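Engineer: missing the sequence, but the structure's below:
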Ligand SMILES: Cc1cc2nc3c(=O)[nH]c(=O)nc-3n(C[C@H](O)[C@H](O)[C@H](O)COP(=O)(O)OP(=O)(O)OC[C@H]3O[C@@H](n4cnc5c(N)ncnc54)[C@H](O)[C@@H]3O)c2cc1C
């Protein structure tokens, strides 16, 4: 297994009956599911929450991992919108939509949209499937759908922009309407419940990693892969030891982004490597503002309309308790299309200052309460489902060639933990079949 993000860890978890070695380039397992800590207080430093699974098989999966699902339900209002200097708690609910400072036809249009999404929710179950329901919606951007198909004024698009940038890596004019609507479905849904653990989705990754023996080997970067007659040869760089070594495996699951896989796979591995260049990614900065922060925000997830510097934030703990330390995790999706190199060149101090100034502009007094800022940079963090990408993806990219299997949420085209888990499960299933065939001499 190469890559110990949620997709790789899920695959390894489902293959525990086999001898599985998990190699991870980073210092800790989890990929973008990362947790930070300030004076013993755990906070989400990357992927933060998920939708409480209504489906019993999902629920059973989380329970098998020993995760305290019942304690993870997020109290309402889950989402709040900061728009024009005031808060709109429970912003995706019908009563709140009524209060938004929008023209009457926009409010009616938004309510209609919410009803349509609720109806589609009954029939849309695309995760892991080879086809898309309503594929025509993948041919246009979300902005086009809202403004031209639904005749909604541009204010609606701008209200949804921070959500879109944070969850899908780019604004409504860039992401596919299908992807935007699929994500928004969970927000507008009356049935969905949001769940979060104290350190965010890192807790799921930790539970998976703890179930593995041998443990994940961190600081190990796969550099090259060569299919061989009886298996796969790997060239790995060991960062702590500062040396390279070779390994042979019966089968390999590449649970990393295609931006990396395309440089690791040789042309004769079976894939048209050009196809991987169609995968586009966004980059992300997450800043944890730590201190005695008194800011009161109504939502668990707080969306800020109209700021290019950041899109949303989460407070840990959510409600201030006396003089206790708190962390404000600020999510700052980087402008789409600007290269990862720009992110890596960025001076951390400069970025931290920029974010602090932006937060202070909206919430005066917060900056002086901040004692430490922890910055996290995620290059190529999220797959961006631009119009047409999901259609290209579904059924057109082989998940496996011989003994090399692909995983990672980018194969689902959607940056969410369910996509990573489903892809991890699919890869494990394929590996199991392959190993069984080998044993049977097929
Ligand atoms: C800041 C942020 C917030 C998010 N918030 C949410 C959220 O609240 N809810 C939600 O559902 N989704 C969220 N997402 C999306 C979701 O968490 C991800 O889609 C999912 O966790 C990705 O898992 P993955 O295994 O596909 O990829 P990754 O997490 O990217 O894992 C890939 C792993 O492969 C490793 N790797 C790469 N190259 C090599 C190599 N050559 N050798 C060895 N290892 C290698 C990487 O270090 C990494 O650990 C968020 C994403 C980001 C970036």
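Structural biologist: Yes, it's here. All values derive from a computational prediction rather than experimental measurement.
Engineer: endpoints of stretch 283-297, how far apart?
Structural biologist: Stretch 283-297 has its terminal residues 26 Å apart, counting by Cα to Cα, to the nearest Å.
Engineer: run the chain-centre distance for it.
Structural biologist: 19 Å (Cα atoms, centre = their mean, to the nearest Å).
Engineer: going by neighbour count, list what's buried in that stretch.
Structural biologist: By neighbour count with 16 or more other Cβ atoms under 10 Å, stretch 283-297 contains the buried residues 283, 284, 285, 286, 287, 288, 289, 290, 291, 293, 295, 297. Quick note: C-beta positions are derived from backbone N, CA and C, even for glycine.
Engineer: restricted to helices, list those residues.
Structural biologist: Using DSSP state H, the subset of these located in helices is empty.
Engineer: near the ligand, which residues of the stretch 101-250 of the chain?
Structural biologist: With Cβ under 6 Å from any ligand atom as the criterion, the stretch 101-250 of the chain meets the ligand at residues 201, 221, 222.
Engineer: my read is that the first one contacts residue 417, right?
Structural biologist: Yes: between residue 201 and residue 417 there is a contact under Cβ atoms under 8 Å: 5.5 Å.
Engineer: picking that back up, among the buried residues of stretch 283-297, name the ones in strands.
Structural biologist: Cross-referencing the buried residues of stretch 283-297 against strands under DSSP state E gives 283, 284, 285, 286, 287, 288, 289, 290, 291.
Engineer: which ones, among these, also lie beside the ligand?
Structural biologist: Checking those against the ligand by Cβ under 6 Å from any ligand atom, the ones in range are 284, 286.
Engineer: farthest-separated two in the ones in strands among the buried residues of stretch 283-297?
Structural biologist: The most widely separated members of those, counting by Cβ to Cβ, are 283 and 291 (26.4 Å).
Engineer: so where is this structure shaky, pLDDT-wise?
Structural biologist: The chain contains residues with pLDDT under 70 at 440-442.
Engineer: domains of it?
Structural biologist: Taking automatic domain parsing as the criterion, the chain consists of the domains 6-48+199-279+385-439, 72-196, 281-383.
Engineer: select, out of those, the one closest to residue 66.
Structural biologist: Residue 66 lies closest, by Cβ to Cβ, to one member of those: domain 6-48+199-279+385-439, at 6.1 Å.
Engineer: if we ignore the residues flanking it in sequence, what's nearest residue 34?
Structural biologist: Spatially, and ignoring its direct neighbours in sequence, residue 34 is nearest to residue 46 (3.7 Å; Cβ to Cβ, 6 or more residues apart in numbering).
Engineer: could you do residue 270 as well?
Structural biologist: residue 401 is the one closest to residue 270 (Cβ to Cβ, 6+ apart), at 3.0 Å.
Engineer: my guess is that neighbour meets residue 269, correct?
Structural biologist: Yes: judged on Cβ under 8 Å, residue 401 makes contact with residue 269 at a distance of 5.8 Å.
Engineer: identify the contacts common to these two.
Structural biologist: residue 227 (Cβ atoms under 8 Å, 6 or more residues apart in numbering).
Engineer: and the two? Which one has more around it.
Structural biologist: It is residue 269, of residue 401 and residue 269, that has more neighbours when counted by other Cβ atoms under 10 Å, with 18 against 14.
Engineer: and residue 156, how many residues sit next to it?
Structural biologist: 22.
Engineer: ugh, wrong one, I meant residue 154
Structural biologist: Counted with other Cβ under 10 Å, residues neighbouring residue 154 total 12.
Engineer: do you know how far it is from residue 143?
Structural biologist: 8 Å (Cβ to Cβ, to the nearest Å).
Engineer: ok, now residue 82?
Structural biologist: 21 Å.
Engineer: ditto for residue 192
Structural biologist: Using Cβ to Cβ, one gets 24 Å for the distance from residue 192 to residue 143.
Engineer: between those two, which one's more packed in?
Structural biologist: Neighbour count, other Cβ under 10 Å: between residue 192 and residue 143, residue 143 has more, with 23 against 16.
Engineer: spell out the secondary structure type for the more buried one.
Structural biologist: Three-state assignment for residue 143 (DSSP: H, G, I helix; E, B strand; the rest coil): helix.
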